[in-house]
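Peer 1: Using only what follows, build the 3D model:
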Amino acid sequence: MSFLSKLLFKKAKLEKIVNETKPNTNKPKPTLDSYVVVDVETTGLNPIRNDIIEFGAVKVIDNEITEVFSELVKPKDTLRADITRLTGITEDMLAFAPSINRILPKFLEFIGDAVIIGHNIDFDTDFISIACQRFKLPFNNSVVDTLEMSNMAFPDLPNHKLSTLCQHCGIENKDAHRALSDCLAEKELFEILQQRTLYFITPHKNIKLEKRFNTKDSEKTKGMKELLNIVDDIISDGIISEDEIMELKDWLDANPQFAGNYPFDRIKTSIDKALEDGILEDHELEDLLDLFQRISMPRTETIAEDALEISEKVICLTGEFSRGSFDELSEELSAMGAVIKKTVSGKVDYLVIGSYGSPEWSFGSYGGDYKKAMELQDKGKQVKVISEDELFSKCSLLQTI
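Peer 2: Numbering: from 1, shown residues only. So this is what the prediction gives:
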């Protein structure tokens, strides 16, 4: 056999091997039929400096939508005009929205451990990941990016924006750049893309928060968190039953090691008093419901005076403030004659709660300062808890009189 013949024989043999080992493109591709589509709207592009203002999610099981999630979130940032133009979300819409520390756990419960689908999903998961790190919540879901898939499926399109793909694929997105509407459109897009190309399930991008938080809670803090979760469940429907009170009493009796801590003592004392005669009357249930709601969500007082004189008053600040940083507010209040303390004691006249709460608060809706103030109030101390808005509105009145 000549050299050329040998070369041609080897080439043919190699081609046969390659053809036999090529994947059969006619075989049906596996499809992902259960997942959650996620989209967030934000005040900007930086997940560390900017805030989430809307969560949207669509749960899909066996290719059918089973549940949807849609919540606005009050941001720390002022909402820029261009964000309002893009999303249609206004300052007024967010004025009474819950803070992220109330919505994020509900969102995480909704998505569970499902695979997350999204368009340019790294953007969304970066914001979610940073928020979870701030509040010490786990977020480990894997993701599929429809942007990546669309680049493979439609390489000739001028761009691969969601709006362009919706137009190309005949998908209606009634409220583009609103989280839930985008999720519904992305669900349709993902179904189309699955028929044209492969998808890749990957871990979400591991962005790190610059500020490190201590993620280890003491046993006492863990216990009080568990108690507050029980209380939150009881009041979630706005109704309280005798069975719920008895189950809570069982938990309190089984955990005497937490005695001496707020709100353990306050709750146990109130329940024991209500059960002294062995009967829970309607007015006692109403009183307990009011107590639980107060414990679950910080309540601030309204100052009776038209103008608040804070000269020589001892003030403690907690949380994050819309008016400025802790140092800026301390300087402003000190200039009015107030004495600023960093911790709550029986000598504090006012505990001022910032409008934006704090990711460092141990108990979600409040932290150790509020907890201490409640303990002191229960002991008869005159520590008043007021909001940032209440303080400065009354101080402003004082300055204009």
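Peer 1: For the stretch 201-350 of the chain, which residues score under the pLDDT cut-off?
Peer 2: 210-216, 322 (pLDDT under 70).
Peer 1: Could you pull out the strands in it for me?
Peer 2: 202-203, 314-318, 339-341, 350-353 (DSSP state E, counting those that start in this stretch).
Peer 1: just checking, next helix/strand downstream of the last one?
Peer 2: Yep, that's strand 350-353 we're talking about. helix 368-378 (DSSP states H and E).
Peer 1: Contacts for that next one, please.
Peer 2: For helix 368-378, contacts defined as Cβ atoms under 8 Å, 6 or more residues apart in numbering pick out 224, 262-263, 265-266, 295, 298, 316, 318, 343-346, 348, 351, 353, 362-363, 383, 385. Every residue, glycine included, has its C-beta placed from N, CA and C.
Peer 1: 6 Å - rerun?
Peer 2: Helix 368-378 is contacted by residues 262, 266, 298, 318, 344, 346, 351, 383, 385 when judged by Cβ atoms under 6 Å, 6 or more residues apart in numbering.
Peer 1: how about TSV for these, with distance to residue 155 and neighbour count added?
Peer 2: Listed next are these as TSV, based on distance: Cβ to Cβ, whole Å; neighbours: other Cβ atoms under 10 Å:
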residue	distance to residue 155	neighbour count
262	61	19
266	64	17
298	54	22
318	54	27
344	61	23
346	70	12
351	60	26
383	65	22
385	60	23
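Peer 1: hang on, the earlier thing: deepest of the strands of the stretch 201-350 of the chain, which one?
Peer 2: strand 350-353 (a mean of 26; mean count of other Cβ atoms under 10 Å).
Peer 1: from the chain's centre, how far out does it sit?
Peer 2: 24 Å (Cα atoms, centre = their mean, to the nearest Å).
Peer 1: With stretch 187-198 instead?
Peer 2: 29 Å.
Peer 1: If we go by neighbour counts, what in that stretch is buried?
Peer 2: 187-194, 197 (16 or more other Cβ atoms under 10 Å).
Peer 1: now stretch 109-119
Peer 2: 110-111, 114-119.
Peer 1: Residues contacting that stretch, please?
Peer 2: Residues outside stretch 109-119 that contact it (Cβ under 6 Å, 6+ apart) are 35-38, 57, 69, 124, 141-144, 146-147, 162, 186, 190, 201.
Peer 1: for stretch 31-41, same thing?
Peer 2: Outside stretch 31-41, the residues that touch it by Cβ under 6 Å, 6+ apart are 52-63, 87, 111, 114-118, 124, 127, 179, 182-183, 186-187, 194.
Peer 1: sorry, back to before: need the buried ones from the contacts of stretch 109-119 selected in PyMOL.
Peer 2: Per 16+ other Cβ under 10 Å, the buried members of the contacts of stretch 109-119 correspond to this PyMOL selection:
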select buried, resi 35+36+37+38+57+69+124+141+143+144+146+147+162+186+190
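Peer 1: So what's the residue count around residue 291?
Peer 2: 19 (other Cβ atoms under 10 Å).
Peer 1: Mind jotting down where the helices sit in the stretch 151-300 of the chain?
Peer 2: Under the criterion DSSP state H, counting those that start in this stretch, helices of the stretch 151-300 of the chain are mapped to 162-169, 179-194, 219-235, 242-254, 264-274, 282-296.
Peer 1: export the first one as CSV, just CAs?
Peer 2: Taking only C-alpha atoms (Å, rounded to 0.1, in the frame of the first residue of the first chain), the coordinates of helix 162-169 have been written out as CSV:
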residue,chain,number,x,y,z
LEU,A,162,-34.9,40.6,27.6
SER,A,163,-37.0,43.1,25.6
THR,A,164,-35.3,42.2,22.3
LEU,A,165,-35.8,38.4,23.0
CYS,A,166,-39.4,38.9,24.0
GLN,A,167,-40.1,40.8,20.7
HIS,A,168,-38.2,38.1,18.7
CYS,A,169,-40.0,35.2,20.4
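Peer 1: Great, nothing more from me.
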